[in-house]
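> pasting the sequence and the predicted coordinates here, then a few questions.
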Amino acid sequence: MSISDTAPASQSEPVPFDEHGIDPIPAASRDSTPWQQFWIWCGANIAPINWVLGALGITLGLSLVETLLVIALGNLLGCTVFGLFNVIGHRTGVNQMVLGRGPFGRRGAVVPGLVQGLLTMGWVGVNTWVVLDLVIEILGQMGVHGGTGLRYVVAALIMAAQLALALYGFYAIRTFEKYTVPATVLVMLAMTVLALSQAEPNWTAATASTAGDKFTAVTQLLTAIGIGWGISWVPYSADYSRFVRTDAPDRSVFWSTALGMYVPTVWLAALGACLASAGSGSDPSSLVTGSFGIMAVPVLLLIMHGPVATNILNLYSCSLAALSVGIRIARWKLTLVAGAVASAVLAVFVQADSFAQAFDHWMVSILVWISPWGAIVLVDFFVLRRGRIDVRTLYLPGGVNRRALVSLALGLLAGWAWQFGTVPALQGPIARALGDTDFSWLSGGLVAGGLYYALSVRARRRAAAAPGPMEPVS
């Protein structure tokens, strides 16, 4: 591996260009702090999509109290898993898709890497499209009108900003989040107070009348914005925690990243649920945009900040995923390619909102792969390897670990069987038979992680019991 130990980035220039690819980050370049990691993940989750998802509990028939409990408790588990993956990145200095080579082998990790790369490009288009209507609505309240042409202009500005930051790499991402997210939090606080002052949340009303209906709603909400939300960010985690300075304690990395995910997710989801429970019957995002008054300008910046803060992570992690599967191009060039593809996807979305909505639902549904994949990586690192790995072995020419791939395949099958996605093809037989419940994250993770552990222990026992080489006959 050819990485020189240069001076720490913070001592070379204010925002240095990130030349790192997928090789381990040398200690001299690891100058990020746990607090900076908090802002990275906080910024990625202060986005309108979270308060829209928070309203889902009310839509599914739960009361406001029930919705808030599910969101708060569910995210404890999801964000804990997310924090553990950040600890792996901090200990190794290696990005997440390369870490997947540990259990899967170098060639075996290609499939998850390809899936991650394709999904990140799709998410860039989806996340930008989601906020366009909100931006256009606020601009209209300010007297700025332009129809579809204005949507293209706004989309181009957002795409250009996030692509420039992603091209510059981690250090630009860290700096952007460090200085913009605290201001965004202040705007969001004022926005929350203003919105709730004009709404009258109904704490106990629920349309789900039976215990079965409530249980079904709880499982679906857990998957959408409870446990499933933190897990959905797992493939990105180590891409950023690998830059945390080596002397930072693991517990600091864990808490900063887990809370960076937990605080904004629960906060915004709770806001969406409160607004939806007020009973106006409209989308909570529309409720919020109608409550701004003199705050139209700062809230416009807040809404435009959301996709940028999220998509710079998508574009950066997309380039790392491509490098991890063996594509030999400079990271910044891969980022340009990802940005071009995402821009094409966004252009299609602007022209066809119905297709964009269907694509969004499909993207959410196929996230079922993350739970079994993540369970295998966790079991391999923390249980079988006792929290340590020889990083050099991740870069050696290698094959396929069939135990991991078999476990992943059966975990995917188990996850699909108990998944109730918005796409009919991704509504499994167990989910339908048990009242449309959704425990895909649990069934997929338990089957994949449990099977991988059992197969690995069995293989070790067989290797230990096998006779050694025969002694030469004298």
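Sure, I can see it. Numbering: from 1, shown residues only.
> tell me the contacts of the nearest residue to Val400 once chain neighbours are set aside?
Residue nearest to Val400 in three dimensions, not counting chain neighbours: Gly108, with 3.9 Å by C-beta to C-beta, 6 or more residues apart in numbering. The way it works is simple: take the backbone N, C-alpha and C, and place the C-beta from them, glycine included. By C-beta atoms under 8 Å, 6 or more residues apart in numbering, the contact set of Gly108 is 101, 399-402, 404-405.
> what sits against the closest residue to Pro34 other than its chain neighbours?
What sits nearest to Pro34 in space, not counting adjacent residues and going by C-beta to C-beta, 6+ apart, is Ser256, at 3.7 Å. Ser256 sits next to 34-35, 37-38 when contact means C-beta under 8 Å, 6+ apart.
> likewise Gly74?
When contacts are counted by C-beta under 8 Å, 6+ apart, Gly74 is found next to 221-222, 225-228.
> which outside residues touch the helix or strand hosting His361?
Element membership for His361 (DSSP states H and E) is helix 353-365. With contact meaning C-beta under 8 Å, 6+ apart, helix 353-365 is reached by 119, 122-123, 126, 129-130, 224, 348-349, 419, 421-423, 426.
> now render the residues you listed as JSON lines, adding neighbour count.
Formatted as JSON lines, the contacts of helix 353-365 follow (neighbours: other C-beta atoms under 10 Å):
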{"residue": "Leu119", "neighbour count": "22"}
{"residue": "Gly122", "neighbour count": "20"}
{"residue": "Trp123", "neighbour count": "23"}
{"residue": "Val126", "neighbour count": "25"}
{"residue": "Trp129", "neighbour count": "23"}
{"residue": "Val130", "neighbour count": "22"}
{"residue": "Ala224", "neighbour count": "23"}
{"residue": "Val348", "neighbour count": "14"}
{"residue": "Phe349", "neighbour count": "23"}
{"residue": "Gln419", "neighbour count": "27"}
{"residue": "Gly421", "neighbour count": "22"}
{"residue": "Thr422", "neighbour count": "14"}
{"residue": "Val423", "neighbour count": "14"}
{"residue": "Leu426", "neighbour count": "19"}
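> tabulate the residues you listed (a markdown table), appending secondary structure, distance to Thr192 and pLDDT.
Below are the contacts of helix 353-365 laid out as a markdown table (DSSP: H, G, I helix; E, B strand; the rest coil; distance: C-beta to C-beta, whole Å; pLDDT from 0 to 100):
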| residue | secondary structure | distance to Thr192 | pLDDT |
| --- | --- | --- | --- |
| Leu119 | helix | 31 | 92 |
| Gly122 | helix | 30 | 89 |
| Trp123 | helix | 26 | 90 |
| Val126 | helix | 25 | 86 |
| Trp129 | helix | 25 | 85 |
| Val130 | helix | 20 | 80 |
| Ala224 | helix | 21 | 86 |
| Val348 | helix | 34 | 87 |
| Phe349 | helix | 29 | 86 |
| Gln419 | coil | 33 | 94 |
| Gly421 | coil | 31 | 84 |
| Thr422 | coil | 28 | 79 |
| Val423 | coil | 33 | 81 |
| Leu426 | helix | 34 | 87 |
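> for the nearest residue to Gly428 once chain neighbours are set aside, grab phi and psi.
Sequence neighbours aside, Ala417 is the residue nearest to Gly428 in space, at 4.1 Å (criterion: C-beta to C-beta, 6+ apart). Ala417 adopts backbone torsions of phi -60, psi -30, taken as degrees, to the nearest 10.
> count of neighbours near Ala417?
18 (other C-beta atoms under 10 Å).
> any idea how far it lies from Ala431?
Taking C-beta to C-beta, to the nearest Å as the measure, Ala417 falls 7 Å from Ala431.
> also Arg174?
Taken as C-beta to C-beta, the span from Arg174 to Ala431 is 40 Å.
> the helix or strand Ala414 falls within - contacts with which helices or strands?
Using DSSP H and E, Ala414 maps to helix 402-417. Applying 3 or more C-beta pairs under 8 Å, 6 or more residues apart in numbering; DSSP states H and E, one finds that helix 402-417 contacts helix 101-104, helix 370-378, helix 429-433, helix 440-465.
> so which of these is nearest Leu77?
helix 440-465 (9.4 Å; C-beta to C-beta).
> which strands or helices does that closest one pack on?
In terms of contacts (3+ C-beta pairs under 8 Å, 6+ apart), helix 440-465 is packed against helix 211-225, helix 227-232, helix 370-378, helix 402-417.
> can you do 7 Å?
Applying 3 or more C-beta pairs under 7 Å, 6 or more residues apart in numbering; DSSP states H and E, we find helix 440-465 packed against helix 227-232, helix 370-378, helix 402-417.
> any idea which of those is most buried?
Greatest average neighbour count among these goes to helix 370-378 (a mean of 27), per mean count of other C-beta atoms under 10 Å.
> can you list the helices and strands packed on helix 402-417 in JSON lines and add distance to Ser232 and mean pLDDT?
Formatted as JSON lines, the helices and strands packed on helix 402-417 follow (distance: least, C-beta to C-beta, whole Å; pLDDT from 0 to 100):
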{"stretch": "helix 101-104", "distance to Ser232": "20", "mean pLDDT": "96"}
{"stretch": "helix 370-378", "distance to Ser232": "6", "mean pLDDT": "97"}
{"stretch": "helix 429-433", "distance to Ser232": "18", "mean pLDDT": "96"}
{"stretch": "helix 440-465", "distance to Ser232": "9", "mean pLDDT": "95"}
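> would you mind finding the most buried of those?
helix 370-378 (a mean of 27).
> run the chain-centre distance for that one.
14 Å (C-alpha atoms, centre = their mean, to the nearest Å).
> just stretch 32-45 next, same as before
Relative to the centre of its chain, stretch 32-45 is centred 13 Å away, using C-alpha atoms, centre = their mean.
> for it, which outside residues touch it?
Identification of contacts with stretch 32-45 by C-beta atoms under 7 Å, 6 or more residues apart in numbering yields 173-174, 177-178, 180-181, 184, 240-241, 243-245, 248, 252-253, 256-257, 259-261, 263-265, 309-310, 313.
> kindly report the same for stretch 386-406.
Outside stretch 386-406, the residues touching it (C-beta under 7 Å, 6+ apart) are 1, 24, 92, 94, 98, 101-108, 376, 381, 452, 455-456, 459.
> where does pLDDT dip in the stretch 251-400 of the chain?
Residues of the stretch 251-400 of the chain meeting the criterion pLDDT under 70: 279-296, 356, 359-360.
> show the residue spans covered by the helices in it.
284-289, 296-324, 331-351, 353-365, 370-378 (DSSP state H, counting those that start in this stretch).
> winner for burial among the ones you listed?
Across the helices of the stretch 251-400 of the chain, the average number of neighbours (mean count of other C-beta under 10 Å) peaks for helix 370-378, which reaches a mean of 27.
> convert that one to PDB, retaining C-alpha atoms only.
Only the C-alpha atoms of helix 370-378 are listed here, as PDB (Å, rounded to 0.1, in the frame of the first residue of the first chain):
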ATOM      1  CA  ILE A 370     -28.400  -4.100   4.900                       C
ATOM      2  CA  SER A 371     -29.700  -5.900   8.000                       C
ATOM      3  CA  PRO A 372     -28.300  -9.400   7.100                       C
ATOM      4  CA  TRP A 373     -25.100  -7.900   5.700                       C
ATOM      5  CA  GLY A 374     -24.600  -5.800   8.700                       C
ATOM      6  CA  ALA A 375     -25.200  -8.700  11.100                       C
ATOM      7  CA  ILE A 376     -22.600 -10.800   9.400                       C
ATOM      8  CA  VAL A 377     -20.000  -7.900   9.600                       C
ATOM      9  CA  LEU A 378     -20.800  -7.400  13.300                       C
END
